[in-house]
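Enquirer: I'd like to go over a predicted model; first the sequence, then the structure.
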Number of protein chains: 2
Amino acid sequence: MLVLITYDVNTETESGKRRLRKVAKQCENYGQRVQNSVFECIMDSAKCREVKEILVGLVDLERDSLRFYYLGNKYQSKVEHFGAKQTYSMEDTLII
Amino acid sequence: MLVLITYDVNTETESGKRRLRKVAKQCENYGQRVQNSVFECIMDSAKCREVKEILVGLVDLERDSLRFYYLGNKYQSKVEHFGAKQTYSMEDTLII
């Protein structure tokens, strides 16, 4: 199934910046970055539970926001893109 | 239906910052901001076409990225949230 992961990590502090890097890095292990803080992951329920547990453990639940959207198996018609397809490196996570 | 709108607007230039503000403002007219550049909109197909046309007209297709995710009518079980529920004002769009 397609799982969309989106996050806002509060980067006002150094520890926030570290959290952001860690969250992005983990997401990269599970899916494709399509925007700065949006990842599309093709995974089964077990993998999804795994990444969810990891990410929930990484973020500061008081300060950061983490959202999962479940788009099922027939997701091809459920996604539409306009504009630039940027490629992201880990460096980009520093300049949100 | 629930339509998720996500965007990355390239804010390296002043005109980019203006585009970002305009995109965010339009999205606020159609839905609920759930993260910095993620909006959830409950709308029918006609409204969706309308906002799509507006947003595609606002962004720079060479530099910005705009994505739509269609989560259908039974969307309640398709969204999961962890952490802070931030409230956003238009001011936030300046500091992405």
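Expert: Happy to help now that I have it.
Enquirer: which stretches of chain A form helices?
Expert: A:14-30, A:45-58 (DSSP state H).
Enquirer: in chain A, where is pLDDT below threshold?
Expert: A:86-96 (pLDDT under 70).
Enquirer: count the residues that sit near the closest residue to A:Val56 other than its chain neighbours.
Expert: Leaving out its chain neighbours, the residue that sits closest to A:Val56 by CB to CB, 6 or more residues apart in numbering or on different chains is B:Phe82, at 5.2 Å. To be clear about C-beta, it is placed using only N, CA and C from the backbone, and glycine gets the same treatment. Using other CB atoms under 10 Å in any protein chain shown, B:Phe82 has 15 other residues around it.
Enquirer: if I pick B:Phe82, what's in contact with it?
Expert: A:Lys52, A:Leu55, A:Val56, A:Val59, A:Leu61, A:Ser65, A:Leu66, A:Arg67 (CB atoms under 8 Å, 6 or more residues apart in numbering or on different chains).
Enquirer: over to A:Leu66?
Expert: Here A:Leu66 is in contact with A:Ile5, A:Thr6, A:Tyr7, A:Val23, A:Leu55, A:Val56, A:Val59, B:His81, B:Phe82, B:Gly83 (CB under 8 Å, 6+ apart).
Enquirer: got the residues of chain A near chain B?
Expert: With CB under 8 Å from any CB of the partner chain as the criterion, chain A meets chain B at residues A:4, A:6-8, A:10, A:34-38, A:52, A:55-56, A:59-72, A:77-86, A:96.
Enquirer: separate out the buried members of these.
Expert: Buried subset of the residues of chain A next to chain B (neighbour count, 16 or more other CB atoms under 10 Å in any protein chain shown): A:4, A:6-8, A:10, A:34-38, A:52, A:55, A:59, A:63-71, A:78-79, A:83-84, A:96.
Enquirer: any chance of the backbone angles for A:Lys9?
Expert: Let me fix one detail, which is that residue A:9 is Val and not Lys. The phi/psi pair for A:Val9 (degrees, to the nearest 10) reads phi -110, psi 130.
Enquirer: number of nearby residues for A:Cys27?
Expert: For A:Cys27, using other CB under 10 Å, the count is 24.
Enquirer: for stretch A:40-52, which outside residues touch it?
Expert: A:1-5, A:26-27, A:29-32, A:34, A:68, A:79, B:80, B:82.
Enquirer: repeat that with 10 Å
Expert: A:1-5, A:26-27, A:29-34, A:39, A:66, A:68-71, A:73, A:75, A:79, B:67, B:69, B:80, B:82 (CB atoms under 10 Å, 6 or more residues apart in numbering or on different chains).
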